[in-house]
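S.K.: Fold the stuff below for me.
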Amino acid sequence: KFKEALPYYHKAILERLHPEEHVRLALAIANRALCYIQLAGEFLPLALRDAEVAVQLQPAHGGYHIRKLNATEGLHGKESAAYSECALRSEEQLRRAGAHGQDAD
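M.R.: A predicted model of the protein is given here:
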């Protein structure tokens, strides 16, 4: 079912490539990342890439950081240095975003 969902997320992303659509674009990209995470294996690098883009678009959205952590865990394992670094970076970004008054939408 996740493989079947991918074309719909691809289409949603292409339809939202306008600056005023960045919130909805981030959501579509994060949802595509979730599909990739569920498919695992060769899809995990794509999941990480999408999660990173979603975080860049909406740095204050905690759920997108969780997607990034999930993709990193799938690629490297929860005990890896990459996972620890990702967790620390996410925490810093969320703290900075909160300090600047950004909301998660």
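
S.K.: roughly how far apart are the closest residue to Tyr64 other than its chain neighbours and Gly77?
M.R.: Leaving aside its chain neighbours, Tyr64 sits nearest to Ala54 (4.1 Å; criterion: C-beta to C-beta, 6 or more residues apart in numbering). C-beta coordinates here come from the backbone N, C-alpha and C atoms, glycine included. Ala54 is 22 Å from Gly77, where distance means C-beta to C-beta, to the nearest Å.

S.K.: More neighbours: those two, which one.
M.R.: Remark: of Ala54 and Gly77, Ala54 carries more neighbours, 25 against 11, as counted by other C-beta atoms under 10 Å.

S.K.: any idea how far the more buried one is from Ile29?
M.R.: Going from Ala54 to Ile29 by C-beta to C-beta gives 5 Å.

S.K.: Now name the helix or strand holding the residue nearest to the spatial centre of the chain.
M.R.: A centroid search over the chain (C-alpha atoms, centre = their mean) returns Ala51, at 2.0 Å, as the residue closest to the centre. Per DSSP states H and E: Ala51 is located in helix 44-57.

S.K.: which of the residues in that helix are buried?
M.R.: By neighbour count on 16 or more other C-beta atoms under 10 Å, the buried set for helix 44-57 is Leu44, Leu46, Ala47, Leu48, Arg49, Asp50, Ala51, Glu52, Val53, Ala54, Val55, Leu57.

S.K.: Check which helices and strands that helix sits against.
M.R.: Packing partners of helix 44-57 (3 or more C-beta pairs under 8 Å, 6 or more residues apart in numbering; DSSP states H and E): helix 22-39, helix 62-76.
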